[in-house]
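Chemist: Structure of the sequence below:
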Amino acid sequence: MLSHRGKLLTDAAYPLMEGFALFLANPFDPTTNPSGCINLGTAESSLLSSHLSSRLRSILQTQTDAIVIPSDLAYADFTGIPSFRTALCSLFRSTNLHDALKPEQLCVMNGCGTVVETLLSVLCDAKDSVLIPAPYYGGFDKDIEQRFHCSIVPIPTSPLDSTFSISSLDALYETHGSGRIKALVVMNPVNPTGHVYPPSFITSLMSWCRDRKIHLIVDEIYAYSIFKPSPFQSVLTLPAYKEAEEYVHWVWGFSKDFAMNGYRVGVLGTKNEGVLKACKEAAYFTGMATLVQRTLGVMVSDAEWVRDYIARHQEKLRMSCEYVETRLRKMNDGFEKERRLKWSSPTAGFFLWVDVSDWIKTKEEEKRVFVQLAKEGVYMAPGEAFHSPQPGWFRIIFSHPVNILDLALNRFEKVLSNLA
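Modeler: Predicted coordinates for the structure are as follows:
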């Protein structure tokens, strides 16, 4: 028999995981399974996979006389080996992301999901609440609610630009009980819309949280994946940060900007000594392989290679996004006049947040279309996975080669054309 906790884990349903399971059951391969499911639902970038793989192989072959050295076999600092945390600070400084944190103010864990879960586990008790602008990244449901039983309070936003007002925060703060709301989590750039909050808005959030002694977690996992002119500034560079640093906690990782989802590397940065100490104690359960840290430390210490990689990736993201937007416009030309795909062009990230509500009016219809798309051979994450207030939205990942995008969009168009 399972424990109560175990049963909660097995009973939980998360649309992003359900969609990924559909893909894994029948994965597309251009040679061995051309009719398989193409994954445009998981936020991964394959645009520079060969280039990145080549670089990692080169590091492993040249950084030491052997791929593994004796110290890789021993226990190490669970919060990140010192050389890796030092290399990360140099990366953030050399790329002008920020120069706010020292190596000892970082904690490295096995993924950003782990970082967010750990942060909220030390900031919240069971039944405490966390504010998040919605639609939001659906993985936060698992990170925040599944194991430590906090609850997410969605902040309604404009679906096309992710904006919300401070007055809406005030209303939620009062409605849900000020004593139970312990944190506000914000992604910047935003998943799933690909928009960027300007510095003035992030500053207002810092002030709001500081005045109420609420913690602000800013997830900047797409900070280097901005491919259009943008007002983006890291929260750690804003003047107001110095006054609010006790309440501000920063998250970044390698999964998106360096397209390394499988390496599982997340970084927490905070100047709150109590929070940092608690998270470092929890890192006993979340440590990373020393070999991975050592390899990535070498990679990010090559400032010239890093600058070239980021520039290449941003340009490829821009071109892929432009291609998908062009295809969607062509689709609209072929649809009946009363039916149009709508979207707001993103500034960052790997995704287009597309309104399909001219075909879909209810959540049940959205679910049916999601299943039909998977049967037709393309996984696209539905709005339900991001707690979209309105039905009929899908997130389309564009960070893949054009030939893959073209085939997936053909399948998407076929499903929409067949809808009554």
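Chemist: elements contacting the helix or strand containing R329?
Modeler: Here R329 sits within helix 303-334, counting by DSSP states H and E. Judged by 3 or more CB pairs under 8 Å, 6 or more residues apart in numbering; DSSP states H and E, the packing partners of helix 303-334 are helix 49-62, helix 82-94, helix 290-301, strand 351-355, helix 402-418. For the C-beta atoms, the positions are set from N, CA and C on the backbone; glycine is no exception.
Chemist: so which of those comes closest to S234?
Modeler: helix 82-94 (8.2 Å; CB to CB).
Chemist: Enumerate the positions of the closest one that are buried.
Modeler: For helix 82-94, the neighbour count (16 or more other CB atoms under 10 Å) marks 84-92 as buried.
Chemist: Quick check: F258 vs L16, distance?
Modeler: F258 is 21 Å from L16, where distance means CB to CB, to the nearest Å.
Chemist: Any chance of CSV for the helices and strands packed on helix 303-334, columns mean pLDDT?
Modeler: Listed next are the helices and strands packed on helix 303-334 as CSV, based on pLDDT from 0 to 100:
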stretch, mean pLDDT
helix 49-62, 91
helix 82-94, 97
helix 290-301, 94
strand 351-355, 97
helix 402-418, 96
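Chemist: right, and those - which one's nearest A76?
Modeler: Judged by CB to CB, the one of the helices and strands packed on helix 303-334 that comes nearest to A76 is helix 290-301, at 4.8 Å.
Chemist: Any idea how far the closest one is from the middle of the chain?
Modeler: Chain-centre distance of helix 290-301: 22 Å, with CA atoms, centre = their mean, to the nearest Å.
Chemist: what's the answer for stretch 115-122, then?
Modeler: In this view, stretch 115-122 has its centroid 16 Å away from the chain centroid, taken as CA atoms, centre = their mean.
Chemist: give the contact list for F84.
Modeler: Applying CB atoms under 8 Å, 6 or more residues apart in numbering, we find F84 in contact with 108, 293-294, 296-297.
Chemist: burial of the closest residue to V265 other than its chain neighbours, as a residue count?
Modeler: Leaving out its chain neighbours, the residue that sits closest to V265 by CB to CB, 6 or more residues apart in numbering is F254, at 4.2 Å. Other residues lying near F254 total 23 when counted by other CB atoms under 10 Å.
Chemist: and the gap between F254 and G111?
Modeler: Distance from F254 to G111, counting by CB to CB: 9 Å.
Chemist: what do those two both touch?
Modeler: Common neighbours of F254 and G111 (CB under 8 Å, 6+ apart) are V265.
Chemist: Pull out the buried residues from stretch 205-215.
Modeler: Buried positions in stretch 205-215, judged by neighbour count with 16+ other CB under 10 Å: 205-206, 208-210, 214-215.
Chemist: Same question for stretch 231-248.
Modeler: Across stretch 231-248, burial judged by 16+ other CB under 10 Å covers 232-236, 238, 240-241, 244-245, 247-248.
Chemist: Tell me the one of those nearest K127?
Modeler: For those, the nearest to K127 is Y247 (21.1 Å; CB to CB).
Chemist: which residues sit in contact with that closest one?
Modeler: Going by CB under 8 Å, 6+ apart, Y247 touches 206, 209-210, 213-216, 272.
Chemist: repeat that with 7 Å
Modeler: Remark: with contacts taken as CB atoms under 7 Å, 6 or more residues apart in numbering, Y247 is in contact with 209-210, 213-216.
Chemist: And the closest residue to P231 other than its chain neighbours, how far from L2?
Modeler: Nearest residue to P231, sequence neighbours excluded (CB to CB, 6+ apart): P198, at 4.3 Å. P198 sits 47 Å away from L2, going by CB to CB.
Chemist: what are the ranges of the strands in the stretch 1-150 of the chain?
Modeler: Taking DSSP state E, counting those that start in this stretch as the criterion, the stretch 1-150 of the chain carries its strands at 38-39, 106-109, 129-134.
Chemist: who does the first one pair up with?
Modeler: Put plainly, it is strand 38-39. strand 378-379 (parallel) (DSSP bridges).
Chemist: Now find how far off-centre the partner strand is within its chain.
Modeler: Centroid separation for strand 378-379 versus its chain: 19 Å, with CA atoms, centre = their mean.
Chemist: just checking, what packs against the next helix-or-strand element following that strand?
Modeler: Heading C-terminal from strand 378-379, the first helix or strand you meet, by DSSP H and E, is strand 381-382. The contact analysis (3 or more CB pairs under 7 Å, 6 or more residues apart in numbering; DSSP states H and E) places strand 381-382 against helix 15-25, helix 363-376, strand 393-397.
Chemist: for those, which one sits closest to V324?
Modeler: Nearest of the helices and strands packed on strand 381-382 to V324, taken as CB to CB: strand 393-397 at 6.5 Å.
Chemist: That closest one: partners in the sheet, and parallel or antiparallel?
Modeler: Strand 393-397 has these strand partners (DSSP bridges): strand 351-355 (antiparallel), strand 381-382 (antiparallel).
Chemist: Show me which of the ones you listed has the highest average neighbour count.
Modeler: The highest mean neighbour count among the strands paired with strand 393-397, using mean count of other CB atoms under 10 Å, belongs to strand 381-382: a mean of 26.
Chemist: So what touches that one?
Modeler: Here strand 381-382 has contacts from 15-16, 19, 41, 366-367, 370, 394-395, using CB under 7 Å, 6+ apart.
Chemist: mean confidence for stretch 4-19?
Modeler: For stretch 4-19, mean pLDDT rounds to 80.
Chemist: Adjust the sequence numbering to begin at 17 for everything that follows.
Modeler: Sure thing, new numbering starts at 17, so read that last one as stretch 20-35.
Chemist: just the CA coordinates of it, formatted as CSV?
Modeler: The C-alpha trace of stretch 20-35 is given here as CSV (Å, rounded to 0.1, in the frame of the first residue of the first chain):
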residue,chain,number,x,y,z
HIS,A,20,-1.0,9.2,1.5
ARG,A,21,1.9,11.2,0.0
GLY,A,22,2.6,8.4,-2.5
LYS,A,23,-1.1,8.2,-3.5
LEU,A,24,-1.1,12.0,-4.1
LEU,A,25,1.8,11.6,-6.4
THR,A,26,0.2,8.8,-8.5
ASP,A,27,-3.1,10.5,-8.7
ALA,A,28,-1.8,13.9,-9.8
ALA,A,29,-2.5,14.9,-13.4
TYR,A,30,-0.4,17.4,-15.3
PRO,A,31,-1.2,18.2,-18.9
LEU,A,32,2.4,19.0,-19.9
MET,A,33,3.5,15.5,-18.6
GLU,A,34,0.5,13.9,-20.3
GLY,A,35,1.5,15.5,-23.6
